[in-house]
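Enquirer: take a look and give me a structure for this.
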Amino acid sequence: MKVLYDYQTFEEQKFGGISRYFFELIKHFENENDVEVSLPIGYTKNVYLRSLRPELLMTQGENYDRFFPNLNFWSKMRIYNFLFPGKLPPLNKVVSIDALKHNDYDIFHPTYYDPYHLEMPKKGPFVLTVLDMIHEIFKDYPQLLPEIRENKKLLAEKADRIIAISENTKKDLVNILNINPEKIEVIYLGNSLEPVNTIKLDFELPENYLLFVGLRTDYKNFHFMIENLKEFLKQNRDVKLICTGSAFTEEERSYFENNGIAESVIHHFADDKTLAYLYANAIAFIFPSLYEGFGIPVLEAFSCGCPALISNTSSLVEVGGDAVLYFDPKSDESIKSAVDRIVSDKELGKELKAKGYEQLKKFSWDKTAEQTLALYNRLI
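Expert: Purely as a prediction, here's the structure:
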């Protein structure tokens, strides 16, 4: 079987859940004797793919990404080529289009929602993975672009089969986009983090801290969480909140300073090993998100023996099972109560840690790949 993936997520993401998912599929299938994987791509900044395809360590693509990085205008490429002649590698979209036109494949599996491939003659079935319905549910948030909603709907209607990464995502696809449920198969994701017992850090780790991982966009509900935990942090100066992901904005720093918690809310960039160590030594991982298509960080916490406090919303109840302490992410008292309980009740933390290890056994990238391959085989 020949499976063709495209460039999209590996061009956009340096790291993150979407590119992690496709990387794990590709890595697994490249070890399968009866699967031939094709990933036509010229360059990438993605840290996962680089570990698998070292030949993609091309600096010029990154240089182009840094060239007026926040501006896109019609003559940008022309100016770049004038200033740096011969330096720009084949654009990834062009490479993918060429592969779709000239390569033989049995399955095409695009890695995001650009419908460019619909304009070309179809050589075989295509599978679409829908990771969440965030753009549809939170369409008033300005950072969630309307064209992604439009493209996702179009592709969901045209796809031969859809993979939803949770039952909740499948339900939303049916209810919001009116997709036939028989066209949708639920295939859960897995965890990539390995526990780390010792590591050399370039910062001093507090003895007691809660851990927040990932983006702090509106639906992640970070600022609601901080608003409701600021009094706790002021009254418990020995407990810190460590955040990974992008650096704090000036607005966030000002908020922490004005509310007297600048010394209590700490940011650290973290690679996988550092992140695993942060999970392993935290009082608890806290995940106040209003909506998740799946919630890989919950599995990461389980794998590292970290008690998890998570929202009782969307897919998170599927992933967390009975192994987490839930709270209502829109309730002031609920989130405060959950934090108070986990900080004061050591036995609860031990219980959640043990249950987390058991819950993790239900999920793995091996299972994800096996079920995905079975779906491919049913289509050809």
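
Enquirer: and the strands in the stretch 1-150 of the chain?
Expert: Here the stretch 1-150 of the chain has its strands, by DSSP state E, counting those that start in this stretch, at 2-5, 36-38, 107-109, 127-130.

Enquirer: what does the third one contact?
Expert: Looking back up the chat, that one is strand 107-109. The contact list for strand 107-109 (CB atoms under 8 Å, 6 or more residues apart in numbering) reads 1-6, 100, 117, 123-129, 376, 379-380. Quick note: C-beta positions are derived from backbone N, CA and C, even for glycine.

Enquirer: what subset of those is buried?
Expert: For the contacts of strand 107-109, a burial check counting by 16 or more other CB atoms under 10 Å picks out 1-6, 100, 117, 125-129, 376.

Enquirer: in a strand, residue 240, correct?
Expert: Yes - counting by DSSP: H, G, I helix; E, B strand; the rest coil, residue 240 falls inside a strand.

Enquirer: what's the pLDDT at it?
Expert: Per-residue confidence (pLDDT) for residue 240: 97.

Enquirer: same deal with residue 85?
Expert: Residue 85 is assigned 57 on the pLDDT scale.

Enquirer: residue 222 and residue 134, how far apart?
Expert: From residue 222 across to residue 134, the span is 15 Å (CB to CB, to the nearest Å).

Enquirer: neighbours around residue 362, how many?
Expert: Neighbouring residues of residue 362 were enumerated by other CB atoms under 10 Å; the total is 14.

Enquirer: who's in contact with it?
Expert: Residue 362 makes contact with 188, 321, according to CB under 8 Å, 6+ apart.

Enquirer: gap between it and residue 261?
Expert: Note on residue 362: its distance to residue 261, by CB to CB, is 37 Å.

Enquirer: do the same with residue 24
Expert: Counting by CB to CB - residue 24 and residue 261 are separated by 37 Å.

Enquirer: same question for residue 380.
Expert: Using CB to CB, residue 380 is found at 56 Å from residue 261.

Enquirer: picking up where we left off before, could I get the buried ones among the contacts of strand 107-109 as CSV with pLDDT?
Expert: Formatted as CSV, these follow (pLDDT from 0 to 100):
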residue, pLDDT
1, 93
2, 95
3, 96
4, 96
5, 96
6, 95
100, 93
117, 95
125, 95
126, 95
127, 98
128, 98
129, 98
376, 97
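
Enquirer: now distance to residue 197 too, for the strands of the stretch 1-150 of the chain, in CSV please.
Expert: Formatted as CSV, those follow (distance: least, CB to CB, whole Å):
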stretch, distance to residue 197
strand 2-5, 35
strand 36-38, 34
strand 107-109, 37
strand 127-130, 34
